[in-house]
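In: coords below, sequence missing:
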């Protein structure tokens, strides 16, 4: 009979996900909530974690492995950064133990690129990378990890050599909610990556990245002059921002580096379509599976579970 | 003795400026307020205008020439657009008279570029261009008009042939207030265009425009890893957005087109520095003087005042 072996947690800025993992490596149960770092910082990280473990009636005292913003300075316990170039396999050994708890709770560190001209940080994505490592091609890979702050990561033979953050998701939200373009978008629903307006915006900005903030205004002038629909205006804004990110990442990469897309759900589909419009055929890795696999690698390294 | 001849109004989205002009063309009095289109739409455009004319004890019934958002669909009376290519000298004759007022009140139209691939609109800037025309070089000029929605306008022998809007000012506000970068900026004061961080951001994004949304994140990672100051973070964001605009405008222009900067005050100084960092030496035209001159040209054309 399978027994619970450890608890794995992906603790983001605005989301909390927990899995109870069996001694055969299978997921026995899952919990998801909006108690990310921001909420947990006021409730208390320890109580949030305990409430979810209790809700699963899991045995007390199981070891817990955590990645993400719980390790930020504003998080539970600061877990610092490993500087790049960094071996992904070294990440588990830099985990920080949460003090004063009966259970062995460890938080994984982030990665820092201290290069003065291109400073950058990640927290959470390093664990996805650790989990995706087996699926990356030998030699050099360029890994795209879309999100609020998208990461493009250069991985060579198990080492992260450099990476770049693009503010795509957060800029989309700020533009869609807090600029005049909000009127052009109205209450348009989810963007379809196969939509012509989305693909055209990607193609246009990849060809002409310096025009990006002019192309964005096309969502308003197109609505005023040509009756551009709210759905197409939203697709235009998203395609322009995602396309600009892809152009920037490819411009900074070796030509023909194989691209791996680590993503799930609708956002993954949007990036797949955008990469296709930019002439890139990525290998797809599921982001949810990758973070669980990364947490599993860490748990095995730390506790031989 | 100088007598008041007409009233000139620049009615923007969020600002209202009025000048009482004498029969010798001199400014007799000025009023400025925050009663732009947004506020005036609820108070009533007619009452806002009347209150300012009364406050100056100006004679009743003076003709009034208006440019800007008062002519937008959401404004006082829609004044439509003239399609480009458009002769600047034709603008006054497309003014729309406000109905039902004793005084002769006319609102100048905007310009529209109906090109399906590059739709664009301006409202207010066409009047500045009309006023700046005498100061533009013969033949072709590229005119930079910075602001919430910066315009770059190609003017040839008195005609506007094409133009592009960049959302620079509005994006800066949205990013500074509504993204994680707000924490890096803190309560930093006005940006100094001669600041190294500002010039460096301009240079970097002009060299590498596709990296724009990555460079913006440098305001956070630089603060986390290298103690980047709030003032430098703010300068970095502003320099990146202004530099991206300049790169986009220059990429779409003939090489070596003479650039004229129509601007005033601190924003003008920022753009002057940014253009200098991008290797451009513009002719400077004061924006306040240009809009008054444009309104004067229109008043003379309409009323022979």
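Out: Cool, the structure landed. Just so we're clear, the structure is a prediction, and the values are computed from it rather than from any experiment. Numbering: from 1, shown residues only, chains lettered A, B, ... in the order given.

In: please make it C-alpha for all contacts and neighbour counts, starting now.
Out: Will do.

In: ok, then the element right after the longest helix along chain A?
Out: Counting residues, the longest helix in chain A under DSSP state H turns out to be helix A:230-251. Next helix or strand after helix A:230-251 toward the C-terminus (DSSP states H and E): strand A:259-263.

In: quick one: strands adjacent to that following strand?
Out: Counting by DSSP bridges, the strands paired with strand A:259-263 are strand A:140-145 (parallel), strand A:283-286 (parallel).

In: assign a three-state SS to residue A:194, would you?
Out: When classified by DSSP: H, G, I helix; E, B strand; the rest coil, residue A:194 comes out as coil.

In: just give the closest residue to it, not the sequence neighbours.
Out: Beyond its immediate neighbours in the sequence, the residue positioned closest to residue A:194 (C-alpha to C-alpha, 6 or more residues apart in numbering or on different chains) is residue A:273, lying 6.5 Å away.

In: the one you found against residue A:193, yeah?
Out: Yes. Counting by C-alpha atoms under 8 Å, residue A:273 does reach residue A:193; the two are 5.5 Å apart.

In: pull up the overlap in contacts between those two.
Out: Shared contacts of residue A:273 and residue A:193, defined by C-alpha atoms under 8 Å, 6 or more residues apart in numbering or on different chains, comprise residue A:199.

In: what parts of the stretch 151-300 of chain A come near chain B?
Out: Applying C-alpha under 8 Å from any C-alpha of the partner chain, one finds that the stretch 151-300 of chain A approaches chain B through A:164-168, A:170-171, A:174-175, A:178-179, A:209-218, A:221-222, A:225-226, A:244-245, A:247-249, A:251.

In: mind redoing it with 6 Å?
Out: A:165-167, A:174, A:178, A:209-211, A:213-214, A:221-222, A:244, A:247-248 (C-alpha under 6 Å from any C-alpha of the partner chain).

In: circling back to that earlier point, okay, buried residues for the longest helix of chain A please.
Out: Neighbour-count burial for helix A:230-251 flags A:230-250 (criterion: 16 or more other C-alpha atoms under 10 Å in any protein chain shown).

In: from the chain's centroid, how far away is that helix?
Out: 18 Å (C-alpha atoms, centre = their mean, to the nearest Å).

In: hmm, who's touching that helix?
Out: A:168, A:184-186, A:188, A:191, A:197-198, A:201-202, A:205-206, A:209, A:216, A:219, B:210-211 (C-alpha atoms under 6 Å, 6 or more residues apart in numbering or on different chains).

In: cool, and stretch A:169-185?
Out: A:147-148, A:220, A:230, A:233-234, B:174, B:178.

In: show me which residues of that stretch are buried.
Out: Buried residues in stretch A:169-185, counted by 16+ other C-alpha under 10 Å: A:169-179, A:181-185.

In: the residue of the stretch 1-150 of chain A found nearest chain B: neighbour count?
Out: Ranking the residues of the stretch 1-150 of chain A by distance to chain B (C-alpha to the nearest C-alpha) places residue A:120 first, at 5.0 Å. By other C-alpha atoms under 10 Å in any protein chain shown, 27 other residues sit near residue A:120.
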